[in-house]
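Enquirer: 3D model of this:
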Amino acid sequence: MAIDSFALAHAVEADPNIFGAVNLDAFTSDTPARHLLKLTPGVPLNGHYDELAAIFRPVFAKIAVGAGERDANRTLPFEPVGWLNRVRFGALRIPVAAGGYGASVSDLFRLLIELAEADSQVAHLWRSHIGFVESVLLLEDDALRHRWIERIVAGQIVGNAYTERGGNRLGTLNTTIARQGERWILNGEKYYCTGTIYADWVAVAVAHPARAGRQIAVVSTQHSGVKIFDDWDGFGQQLTGTGSTTFENVPVDTILPDEQQVNDPESAIFQLVLLGVQAGITRAVLNDVRSSVQARTRSFSTGTGVPVREEPQVLQLVGEISGTAFAVDSIVLAAVAEIEIALADASLSPAERFAVCELAADRAQAVVQPLVLSAATKLFDGLGASATAKGCNLDRHWRNARTVATHNPAIYKARIIGDYEVNGTAPQQLNAIGDVGAIPATGLP
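Expert: Have a look, this model is predicted:
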């Protein structure tokens with residue numbers, strides 16, 4: 001609607017950013033709403049975010065169109081990943097001088113939330129790539145950093161193979177690298193390999209014969225010894241490629257420096273990506289409940305007898321979901337801002353930087369997940385039983401949110417925060433998930 005016609009109908013000033021007196025008599029049941037509230041709290045005024053959003057929003061809108069259908073049919077989003085790669089979504093954080101977009105961490109996560117609003121599964125599969133890029137930017141080896149920046153700018157994507165499904169003792173890994181002539185060769189099997197099926201490279205957590213703890217080796221997904229399986233059978237986030245990957249005598253391209261494995265803030269970045277995905281899911285819930293209420297004509301005999309779009313309790317519910325979406329965005333972006341400051345603060349030691357980043361992500365995780373799951377459940381209260389039809393596929397929001405929430409369980413994060421608050425105990429460096437005590441002969445199921 002043109003600004004002058006809106007002003008005429010509602011007796012407000014012509015400037016759309018100024019709220020004037022509103023003539024309530026001008027409102028009718030068919031008067032279109034003007035949505036003035038943004039779900040992007042505290043957007044910076046430097047204009048860079050808006051410039052980036054103008055590039056990526058048309059792609060996000062295109063991705064959103066088929067999100068529900070892809071989920072219902074388990075259609076892996078290779079095409080949407082290609083669309084994003086065409087505009088080099090993966091190079092957002094690379095400096096402009098090196099061929100990237102020069103996005104801040106905050107800009108990246110605002111865009112990630114918008115992508116997750118369009119399709120949470122497409123946003124989720126970039127998790128490993130986003131974390132790897134941050135590690136690349138911190139590399140002290142100039143030649144190694146430049147080599148990976150060139151690859152990322154060229155549109156190459158990095159996946160993840162950190163976790164073993166079972167049979168490895170906690171803190172150890174069965175996936176190994178060994179010297180063979182002039183090269184390192186990798187062998188092993190991984191699960192939860194999010195994004196790897198879409199990637200050119202995969203960062204693999206391995207045991208090194210001469211280094212203590214978990215190390216990261218990067219190999220090409222195109223090598224014949226790499227086999228990637230779409231065997232993730234969770235009830236949510238089914239399209240993220242979170243399945244198995246096996247490695248048989250695969251040559252290693254890069255082993256990240258040993259010093260980078262100590263107090264690397266990567267784990268906080270990984271968790272923030274999941275929180276950004278949760279924020280996007282909450283926005284998608286709001287979008288669906290809003291459009292469904294606007295279109296609904298049937299009502300309940302226990303209602304007040306007015307159209308659903310005017311039913312006070314339904315409007316209250318939609319308002320609560322809107323407030324939840326705003327709160328989740330705000331919490332996630334506050335954690336992102338804290339981590340962005342910590343990454344740039346040269347006065348922090350590596351251990352201090354790790355602790356700040358971990359605690360920021362942990363605090364956000366401890367409160368965000370219940371909010372998101374509540375919104376995904378409330379959606380049905382405003383729509384009734386017809387909304388549970390498989391054809392609507394509205395349950396995907398809850399299924400996806402619940403699945404994301406199981407990653408790095410929040411109950412452990414809350415304990416870590418409490419231990420820090422009460423006892424001053426610093427968060428511990430991430431190592432390797434595994435079995436506690438004796439390992440069963442058959443491994444875990």
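Enquirer: C-alpha from now on. contacts and neighbour counts both.
Expert: Noted.
Enquirer: where does the stretch 1-150 of the chain dip in pLDDT?
Expert: Along the stretch 1-150 of the chain, the model assigns pLDDT under 70 to residues 1-45.
Enquirer: swap that for the stretch 151-300 of the chain, please
Expert: Scanning the stretch 151-300 of the chain residue by residue, the ranges that satisfy pLDDT under 70 are 167-169, 260-262, 299.
Enquirer: which residues of it fall in helices?
Expert: Taking DSSP state H, counting those that start in this stretch as the test, the helices found in the stretch 151-300 of the chain are 266-295.
Enquirer: Can you show me the strands along it?
Expert: 158-161, 176-180, 183-190, 201-207, 214-220, 226-228, 245-251, 254-255 (DSSP state E, counting those that start in this stretch).
Enquirer: List the neighbouring strands of the third one plus their orientation.
Expert: Applying DSSP bridges, strand 183-190 is found paired with strand 176-180 (antiparallel), strand 245-251 (antiparallel).
Enquirer: now the angle between strand 201-207 and the last one, please.
Expert: Compare the direction of strand 245-251 with that of strand 201-207 by axes from the mean of the first three to the mean of the last three Cα atoms, to 10 degrees and you get 90 degrees.
Enquirer: neighbouring contacts of strand 245-251?
Expert: With contacts defined as Cα atoms under 8 Å, 6 or more residues apart in numbering, strand 245-251 is touched by 161, 183-191, 193, 219, 223-229.
Enquirer: Same question for stretch 401-412.
Expert: 234-237, 271, 274, 278, 281, 362, 365-366, 369, 372-373, 376.
Enquirer: cool, stretch 96-116 as well?
Expert: Contacts of stretch 96-116 (Cα under 8 Å, 6+ apart): 40, 48-49, 52-53, 56-57, 60, 91-95, 122-124, 149-150, 153, 273, 276-281, 333, 336-337, 340.
Enquirer: Among those residues, the buried ones, what's the PyMOL command?
Expert: Applying 16 or more other Cα atoms under 10 Å to those leaves a buried subset, and the PyMOL line that selects it is:
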select buried, resi 49+52+53+56+57+60+91+92+93+94+95+122+123+124+149+150+153+273+276+277+278+279+280+281+333+336+337
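Enquirer: which of the residues in stretch 396-404 are buried?
Expert: So for stretch 396-404, counting by 16+ other Cα under 10 Å, buried means 396-402, 404.
Enquirer: Can you say which two of these are spatially most distant?
Expert: Pairwise distances across the buried residues of stretch 396-404 (Cα to Cα) peak at 11.9 Å, for the pair 396 and 404.
Enquirer: what residues are shared contacts of the two?
Expert: residue 236.
Enquirer: Can you show me the helices along the stretch 301-445 of the chain?
Expert: Under DSSP H, counting those that start in this stretch, the stretch 301-445 of the chain gives helices at 312-344, 350-381, 395-405, 410-423.
Enquirer: roughly how far out does the third one sit from the chain middle?
Expert: Think helix 395-405. Counting by Cα atoms, centre = their mean, to the nearest Å, helix 395-405 is centred 13 Å from the centre of its parent chain.
Enquirer: I'd like the distance between the residue nearest to residue 331 when sequence neighbours are not counted and residue 328.
Expert: Of all residues not flanking residue 331 in the chain, residue 364 sits nearest, at 6.1 Å (Cα to Cα, 6 or more residues apart in numbering). For residue 364, the distance to residue 328 equals 9 Å [Cα to Cα, to the nearest Å].
Enquirer: and what of residue 180?
Expert: When residue 180 is compared with residue 328 (using Cα to Cα), they lie 50 Å apart.
Enquirer: Of the two, which one has the most company?
Expert: More crowded of residue 180 and residue 328, by other Cα atoms under 10 Å: residue 328, with 26 against 11.
Enquirer: Need the helices of the stretch 301-445 of the chain in TSV (columns: mean pLDDT).
Expert: Formatted as TSV, these follow (pLDDT from 0 to 100):
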stretch	mean pLDDT
helix 312-344	94
helix 350-381	94
helix 395-405	95
helix 410-423	92
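Enquirer: To residue 259, which of those helices lies closest?
Expert: helix 350-381 (10.2 Å).
Enquirer: who does the closest one touch, helix- and strand-wise?
Expert: helix 266-295, helix 312-344, helix 395-405, helix 410-423 (3 or more Cα pairs under 8 Å, 6 or more residues apart in numbering; DSSP states H and E).
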